[in-house]
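Asks: Starting from these lines, generate the structure:
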Amino acid sequence: MHRPSRKQASLLLAFLIVMWGVNWPLTKLALHYAPPLLFAGLRTEIGGLLLVFIGLFRYKELRFKQNWSIYLLSALLNIVLFYGLQTIGLGYLPAGLFSAIVFLQPVLLGIFSWLWLGESMYRLKIIGLILGFTGVATISAGALTGNISLVGVLLALGTALCWAFGTVYMKKIGDRADSVWLVAMQLIIGGILLMGSGSVSEAWSSIQWDASFVAIMLFISIFVIALGWLTYFILIGTGEASKVASFTFLIPLVSITGSSLMMNEPITIHLGVGLLFVLVSILLVNLKPKPGISSSAAATGHH
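Replies: Here you go, the predicted structure:
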């Protein structure tokens, strides 16, 4: 896979953080017009079809016969379970709190990347990952009002686990599948399964095909789903998974800022303190350990 330059990687990361950040408030707005599973299925299907169109120029790379199991498993983890649990879970918890729990993902990914991808694990990285999650939790502490739904918490944890497993899996098999086709196929398969389950439990007639709904859906399908997942896969495929994931701690910050602008949700002191934690976290995870530290990484059990 072509490795992006430092400047290109920075631009790709910035694009991803902004797009995946505005996704939360936009999804919340879209759910006024459509039930969760059908909406999740529609947006992933449109995003997938867009990438299939791009992929047609390299159709020989599809290799469906030998890669179908890869496409199916990544679709189940990254699309069906990730978006399915997420859209249902948002009905049980405030969006800020839900996204805070989901952003255990970079911490889980750091651990899984160390266990299964052989990425190094050292003290600074461990502290950084913990600080990042603490920052996200602090940012979202304002959402802790009223009784917390256990179902909502479990759905958020499930969302985080599926995303972490899905990312490690994509990184592990990245050389065996073309990046455009891998993302396109997981979106197409995932979209069909989500719409199928939505058709059983929800009503198509309850979708209000309002101009603002169509605009939100197209924006999410193109920029958040198609281009977002492709960007994420390129970054994960060409860099250390845990380092890329550390930057995704910034997504809830964009999400809460977006919610504040779009839905007049208040910006609190928690936001400032949490942002500080997040920035320190990203710095620590991305600092190169001194040569002496890497040998002590063995002491933490890295093998």
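Asks: where's the residue lying closest to Pro106 once chain neighbours are set aside, which helix or strand?
Replies: Among residues not flanking Pro106 along the chain, Ala245 sits closest, at 3.7 Å (Cβ to Cβ, 6 or more residues apart in numbering). Every residue, glycine included, has its C-beta placed from N, CA and C. In this structure, Ala245 sits in helix 241-247 according to DSSP states H and E.
Asks: helix or strand right after that helix?
Replies: Immediately after helix 241-247, counting by DSSP H and E, sits helix 251-263.
Asks: Against which helices or strands is that next one packed?
Replies: helix 6-30, helix 95-102, helix 123-139, helix 269-286 (3 or more Cβ pairs under 8 Å, 6 or more residues apart in numbering; DSSP states H and E).
Asks: The ones you listed: which one's closest to Ser212?
Replies: Shortest distance between Ser212 and those, using Cβ to Cβ, is found for helix 6-30: 7.9 Å.
Asks: tell me the angle that closest one makes with helix 251-263.
Replies: 50 degrees (axes from the mean of the first three to the mean of the last three Cα atoms, to 10 degrees).
Asks: thinking again about what came up before, dump the helices and strands packed on helix 251-263 to TSV, plus distance to Thr231.
Replies: Output for the helices and strands packed on helix 251-263, formatted as TSV (distance: least, Cβ to Cβ, whole Å):
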stretch	distance to Thr231
helix 6-30	5
helix 95-102	19
helix 123-139	20
helix 269-286	18
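Asks: So which of these is nearest Thr44?
Replies: Once the helices and strands packed on helix 251-263 are compared by Cβ to Cβ, helix 6-30 is nearest, at 12.1 Å.
Asks: Need the residues that contact that closest one.
Replies: For helix 6-30, the surrounding residues in contact (Cβ atoms under 8 Å, 6 or more residues apart in numbering) are 4, 39, 87, 90, 95, 99, 212-213, 216-217, 219-220, 223-224, 227-228, 231-232, 234-235, 238-239, 244, 247-248, 250-255, 257-259, 262-263.
Asks: which of the residues in that helix are buried?
Replies: Of the residues in helix 6-30, 9, 12-13, 16-28, 30 count as buried by neighbour count, 16 or more other Cβ atoms under 10 Å.
Asks: immediately after that helix, which helix or strand?
Replies: Criterion used, DSSP H and E; the element after helix 6-30 is helix 36-55.
Asks: can you pull the buried residues of that following helix?
Replies: 36-48, 50-52, 55.
Asks: Equivalent analysis for stretch 116-127, please.
Replies: Within stretch 116-127, the residues that count as buried by 16+ other Cβ under 10 Å are 119-122, 124-126.
Asks: And for stretch 149-157?
Replies: 149, 152-153, 155-157.
Asks: Now the residues you listed in JSON lines, please, with extra columns for secondary structure and distance to Tyr71.
Replies: Formatted as JSON lines, the buried residues of stretch 149-157 follow (DSSP: H, G, I helix; E, B strand; the rest coil; distance: Cβ to Cβ, whole Å):
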{"residue": "Ser149", "secondary structure": "coil", "distance to Tyr71": "34"}
{"residue": "Gly152", "secondary structure": "helix", "distance to Tyr71": "30"}
{"residue": "Val153", "secondary structure": "helix", "distance to Tyr71": "31"}
{"residue": "Leu155", "secondary structure": "helix", "distance to Tyr71": "25"}
{"residue": "Ala156", "secondary structure": "helix", "distance to Tyr71": "26"}
{"residue": "Leu157", "secondary structure": "helix", "distance to Tyr71": "26"}
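Asks: So which of those is the closest to Gly196?
Replies: For the buried residues of stretch 149-157, the nearest to Gly196 is Leu155 (19.8 Å; Cβ to Cβ).
Asks: which residues sit in contact with that closest one?
Replies: Neighbours of Leu155 in contact, by Cβ under 8 Å, 6+ apart: 85-86, 88-89, 92.
Asks: so how far is Pro94 from it?
Replies: 13 Å (Cβ to Cβ, to the nearest Å).
Asks: Taking the centroid of this structure, which residue is nearest it?
Replies: Compute the mean C-alpha point of the chain, and by Cα atoms, centre = their mean the closest residue is Trp163, 6.5 Å away.
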